[in-house]
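> Build me a model:
(chains A and B)
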Protein chains: 2
Amino acid sequence: MTPRFAVIGIDHRHVYELAQHLIDAGMECAGWWPVTTNPHVLAGFRKRFAQLPEVSDRERMLEDRSVQLIATAAVPSERAVLAIEAMRRGKDVLADKPGITTWADLAAVEAAVIQTGRRFIVAFGDRWGSPASARAKELVRAGAIGRLVSTTGISPHRLNRETRPGWFWSARTNGSILVDIGCHQIDSFLSLTGREEAEIVHAAVRSVAPERTPVTDFQDWGEMILRNDVASATMQMHWFTPNGLADWGDGRTFIVGTEGFIELRKNLDLAGREGGQHLFLVTNERTEHIACAGKRTGAYQALVADLRDRTETAMGQSHCFAVCRLALMAEDRALGRA
Amino acid sequence: MTPRFAVIGIDHRHVYELAQHLIDAGMECAGWWPVTTNPHVLAGFRKRFAQLPEVSDRERMLEDRSVQLIATAAVPSERAVLAIEAMRRGKDVLADKPGITTWADLAAVEAAVIQTGRRFIVAFGDRWGSPASARAKELVRAGAIGRLVSTTGISPHRLNRETRPGWFWSARTNGSILVDIGCHQIDSFLSLTGREEAEIVHAAVRSVAPERTPVTDFQDWGEMILRNDVASATMQMHWFTPNGLADWGDGRTFIVGTEGFIELRKNLDLAGREGGQHLFLVTNERTEHIACAGKRTGAYQALVADLRDRTETAMGQSHCFAVCRLALMAEDRALGRA
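Next up, the predicted model:
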């Protein structure tokens, strides 16, 4: 029988990717709930997924025993409560990042996972959606750059002030910038190092340009340095992408090993090659450009198999919680709470 | 009368650049002292500068009243003592970076500058030798990327184990990695922000791969985060350049503003365009590649004029000391001494 998912929470446009990837990986959409804080996404979802059943009765989808998975891109601060409700109804949950925005939510979701035996998985799209990241991990694991020394991530995002819903501007509802965007890089660092632990060496957030935002305390800059027994990581994330850039941000990753290095240009190759997902590999023998666009990461296929077989190939449950935990720890550190 | 310089200290190959730039800027070389810890550089200097007088009597050059400037790339830990001696003999001093490796040397050189009225200038080649850096500063000052938010520097260097003299492997003689290589980025940050102060937010050094070095405590990784009232800076420096790279390191600078950003690829454009000194500018209007190779920074011309006119256009004396001071502060911080 084809596994089925339902969508509850279309407040962030990432829901398009969640739904499309699940369908591409062989799941069937039992329906989606059209209530939202974000009319842009409602219109966009209707347009992109005209064939999917719009279900105004949220309860019906949670009760539907043929639905195994609830996918959500609700307001970030509301994802945990929804996830717990869904798990208690016997569903696994796939949440857009950040799945968790507070320590209380993390504890509650962890408890619900234990109580219900269900899965709570956060889709860190920066890795799951990036064939260049997947290739980099393969290369590192194969020893192409020797022993891992460090990773450096630069994640600029376009502000798009006009189309952001109100909750976007508050760390209380959207999560701190370290939680909201930083979680991607924490996920990548743990994944690349094969660890679920790291020390927060440094973390900071700033509100550099409040004249650009409707509130004065929007965190438009975040930075972290993490370290574990394998490597160290420097992470930057910010909301300063100028309009003259061809994509929403010029995301970069630099991976340094003892015998080589890798650069990823995920979004685009600045004033260079077409498209995104560019990988540059330099070893002791050569410098090489590897085009990864159009390749599949296989993450969603693995997830669907995991949900069926109760395996953990796409993402371990404890890895997922480790990312959420480290992001909250970094936020505490940045705000002087730890 | 043509201003004259003499070279004392050919222990690092940077001396080639110092001498060549001074000659190109209109100075005459009165002579160079062939005593060195580094026979590679002796051979290289003789080959490159066959026409310049080799003077085995060091004293003669220090006594020569027609010599205004002593240029030195001596062992880093010996530069300060030489500089003080030269200043007491009425000479200005141009030192290869790092000019200063200890707090005691900094205090002594600062005192000597005051006592003698002479100049102690450190050539931070990463900026003085980089037309792309010079262009970036012009663009930032002209408001091309709005208000400055942050700078990020990545400075990999090739280890070249075979040709390094013994003093290279000890922080006592070569300076900490934050002092030796980090000073470039501190210099650039202060220059770009137009400030002589910064807070050391974070600093760390590591010995990641002692199997690659003749000692176990060689600092092959360094990182810093600085901040002042204008912007923040993330700085990385390390000794992991693989042999398959076409240059000694793939040095990058990312400069983020509220309305645009700049990337510098100083050494080379990885698997891309020919040569180095590439500047990429993204504003709200456009994405643009600006080739800066072959352009002049004018730094040495300005220095020669400064020495003649006692102006400070190339580098303020207090800027130079500020860079040295911040590098030592960062070293203290990294080593838990502050």
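> what helices or strands is the helix or strand bottoming out on mean pLDDT in chain A leaning on?
The helix or strand with the lowest mean pLDDT-type score in chain A, counting by mean pLDDT, DSSP states H and E, is helix A:125-128 (a mean of 93). For helix A:125-128, the contact count by 3 or more CB pairs under 8 Å, 6 or more residues apart in numbering or on different chains; DSSP states H and E identifies helix A:14-24, helix A:131-141, helix A:182-193, helix A:299-309 as packing neighbours. Just so you know, the C-beta spots here come from the backbone N, C-alpha and C atoms, and that holds for glycine as well.
> Now the closest residue to chain B within the stretch 51-200 of chain A: which helix or strand?
For the stretch 51-200 of chain A, the residue closest to chain B is residue A:149, as judged by CB to the nearest CB, at 5.2 Å. Assigned by DSSP states H and E, residue A:149 belongs to strand A:148-156.
> State the helix or strand in which residue A:223 lies.
Using DSSP H and E, residue A:223 falls within strand A:221-227.
> in that strand, what's buried?
Residues of strand A:221-227 classed as buried: A:221, A:222, A:223, A:224, A:225, A:226, A:227 (neighbour count, 16 or more other CB atoms under 10 Å in any protein chain shown).
> thinking again about what came up before, make CSV from the helices and strands packed on helix A:125-128 and add mean pLDDT, distance to chain B and mean neighbour count to it.
Output for the helices and strands packed on helix A:125-128, formatted as CSV (pLDDT from 0 to 100; distance: least, CB to the nearest CB, whole Å; neighbours: other CB atoms under 10 Å in any protein chain shown):
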stretch, mean pLDDT, distance to chain B, mean neighbour count
helix A:14-24, 97, 24, 19
helix A:131-141, 98, 13, 20
helix A:182-193, 98, 13, 25
helix A:299-309, 97, 27, 18
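> what bits of the stretch 201-338 of chain A have low per-residue confidence?
By pLDDT under 70, the stretch 201-338 of chain A has no low-scoring segment.
> which stretches of the stretch 51-200 of chain A form strands?
Applying DSSP state E, counting those that start in this stretch to the stretch 51-200 of chain A gives strands spanning A:69-73, A:92-96, A:120-123, A:148-156, A:199-206.
> Output stretch A:123-135 as CSV, nothing but the C-alphas.
C-alpha atoms of stretch A:123-135 as CSV (Å, rounded to 0.1, in the frame of the first residue of the first chain):
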residue,chain,number,x,y,z
ALA,A,123,14.0,18.5,7.3
PHE,A,124,17.3,20.4,7.3
GLY,A,125,17.0,21.3,3.6
ASP,A,126,20.4,22.8,3.3
ARG,A,127,21.7,19.2,3.4
TRP,A,128,18.8,17.0,2.3
GLY,A,129,18.2,19.3,-0.7
SER,A,130,21.9,19.6,-1.6
PRO,A,131,23.5,17.0,-3.8
ALA,A,132,26.8,19.0,-3.5
SER,A,133,26.6,18.5,0.3
ALA,A,134,25.9,14.8,-0.2
ARG,A,135,28.9,14.5,-2.6
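> and it, how far from the chain's centre?
Centroid separation between stretch A:123-135 and its chain, computed with CA atoms, centre = their mean, to the nearest Å, is 9 Å.
> now swap in stretch A:115-135 and tell me
7 Å.
> End to end on it, go ahead and measure it.
Separation of the first and last residues of stretch A:115-135 by CA to CA, to the nearest Å is 36 Å.
> The strand holding residue A:149 to helix A:131-141, inter-axis angle?
Counting by axes from the mean of the first three to the mean of the last three CA atoms, to 10 degrees, strand A:148-156 lies at 170 degrees to helix A:131-141.
> any idea of the mean pLDDT for strand A:148-156?
For strand A:148-156, mean pLDDT is 98.
> and if you look at stretch A:104-124?
pLDDT averaged over stretch A:104-124 gives 98.
> Check whether stretch A:226-244 comes near chain B.
Yes: under the criterion of CB under 8 Å from any CB of the partner chain, chain B is reached by stretch A:226-244 at A:232, A:234, A:236, A:238, A:240, A:242, A:243, A:244.
> Among the residues you listed, which one has the most neighbours?
Highest neighbour count within the residues of stretch A:226-244 next to chain B: residue A:234, with 27 neighbours (other CB atoms under 10 Å in any protein chain shown).
> Checking that one next. Helix, strand or coil?
Assigned with DSSP: H, G, I helix; E, B strand; the rest coil, residue A:234 falls in the strand class.
> Okay, and the beta partners of it?
Per DSSP bridges, the residues bridged to residue A:234 are residue A:152, residue A:225.
> domains for chain A, by residue range?
Using automatic domain parsing, the domain parsing of chain A gives A:4-123+A:298-310, A:127-297.
> between those, which gets nearest to residue B:204?
Proximity to residue B:204 (CB to CB) singles out domain A:127-297 among the domains of chain A, at 7.0 Å.
> Between the two ends of the closest one, how far is it?
This stretch, domain A:127-297, spans 8 Å end to end (CA to CA).
> just to revisit the earlier point, let me have the strands of the stretch 51-200 of chain A in a markdown table, extended by distance to residue B:130.
Formatted as a markdown table, these follow (distance: least, CB to CB, whole Å):
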| stretch | distance to residue B:130 |
| --- | --- |
| strand A:69-73 | 45 |
| strand A:92-96 | 42 |
| strand A:120-123 | 42 |
| strand A:148-156 | 21 |
| strand A:199-206 | 28 |
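> Tell me which of these lies nearest to residue B:267.
That would be strand A:148-156 among the strands of the stretch 51-200 of chain A, by CB to CB, at 16.9 Å.
> okay, the helices and strands packed on helix A:125-128 in a markdown table with distance to residue B:18 next?
Formatted as a markdown table, the helices and strands packed on helix A:125-128 follow (distance: least, CB to CB, whole Å):
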| stretch | distance to residue B:18 |
| --- | --- |
| helix A:14-24 | 54 |
| helix A:131-141 | 40 |
| helix A:182-193 | 41 |
| helix A:299-309 | 53 |
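> Nearest to residue B:120, out of the ones you listed?
Across the helices and strands packed on helix A:125-128, residue B:120 has its closest neighbour in helix A:182-193 (41.9 Å, CB to CB).
> what packs against the closest one?
Judged by 3+ CB pairs under 8 Å, 6+ apart, helix A:182-193 is in contact with helix A:125-128, helix A:131-141, strand A:148-156, strand A:221-227, strand A:232-238, helix A:317-334.
> need those in CSV with distance to residue A:45, can you?
What follows is the helices and strands packed on helix A:182-193, written out as CSV (distance: least, CB to CB, whole Å):
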stretch, distance to residue A:45
helix A:125-128, 17
helix A:131-141, 25
strand A:148-156, 25
strand A:221-227, 29
strand A:232-238, 26
helix A:317-334, 25
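> how about the ones you listed, which one is nearest residue A:259?
strand A:148-156 (9.8 Å).
> name the helices or strands packed onto that closest one?
Against strand A:148-156 (3+ CB pairs under 8 Å, 6+ apart) you get helix A:182-193, strand A:232-238, strand A:252-257, strand B:232-238.
> chain center to it: distance?
On CA atoms, centre = their mean, the centre of strand A:148-156 falls 16 Å from the chain's centre.
> Ok, stretch A:161-168 next?
In terms of CA atoms, centre = their mean, the centre of stretch A:161-168 is found 19 Å from the chain centre.
> Stretch A:48-57 too?
How far stretch A:48-57 lies from its chain's middle: 24 Å, per CA atoms, centre = their mean.
> Could you give me the buried positions within it?
A:49, A:52, A:55.
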